[in-house]
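S.K.: The following block contains a protein sequence and its predicted model.
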Amino acid sequence: MSKSRTIGPKGQVVIPEEMRRALGMKPGARVRFELRGKELVVKPEVELEEYVEYYSRTFAKKARKQVDLKKLIEEEVDTRLAVSR
């Protein structure tokens, strides 16, 4: 699918409705921009929780127990702060 749009005076571009619908993007959704050579890629930003949920479902057979990521990150921060003091 390919569409053309004009960049407005503030650098804004409207993403075509059918593309937003295909990606499940609704008003207020966050997007990520990536520059790949001479291409600008715009894609929905994936929240950490969604990624973890997807990863957990995809690799559930391999997972032995659920990991509390917030607790793991907090422990890592505490460890790093203790080392820097």
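M.R.: Structure received.
S.K.: can we go C-alpha only for contacts and neighbour counts from here?
M.R.: Fine.
S.K.: For stretch 38-45, give the mean pLDDT please.
M.R.: Averaged over stretch 38-45, pLDDT sits at 89.
S.K.: For that stretch, C-alpha coordinates in PDB please.
M.R.: This file holds the C-alpha atoms of stretch 38-45, laid out as PDB (Å, rounded to 0.1, in the frame of the first residue of the first chain):
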ATOM      1  CA  LYS A  38      17.100   7.600   2.700                       C
ATOM      2  CA  GLU A  39      13.800   6.100   4.000                       C
ATOM      3  CA  LEU A  40      11.700   7.300   7.000                       C
ATOM      4  CA  VAL A  41       9.900   4.500   8.600                       C
ATOM      5  CA  VAL A  42       6.900   5.300  10.900                       C
ATOM      6  CA  LYS A  43       5.500   2.500  13.000                       C
ATOM      7  CA  PRO A  44       3.300   2.100  16.100                       C
ATOM      8  CA  GLU A  45       5.300   2.300  19.300                       C
END
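S.K.: low-confidence ranges in this protein?
M.R.: The chain contains residues with pLDDT under 70 at 51, 55, 58-64, 83-85.
S.K.: ranges for the helices of it?
M.R.: Here the chain has its helices, by DSSP state H, at 17-23, 48-58, 69-84.
S.K.: As JSON lines, those with mean neighbour count would be great.
M.R.: As requested, those are exported to JSON lines (neighbours: other C-alpha atoms under 10 Å):
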{"stretch": "helix 17-23", "mean neighbour count": "11"}
{"stretch": "helix 48-58", "mean neighbour count": "11"}
{"stretch": "helix 69-84", "mean neighbour count": "10"}
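S.K.: Could you chop this protein up by domain?
M.R.: 1-45, 48-84 (automatic domain parsing).
S.K.: Would you format the helices of the chain as TSV with distance to residue 31 included?
M.R.: Below are the helices of the chain laid out as TSV (distance: least, C-alpha to C-alpha, whole Å):
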stretch	distance to residue 31
helix 17-23	11
helix 48-58	14
helix 69-84	24
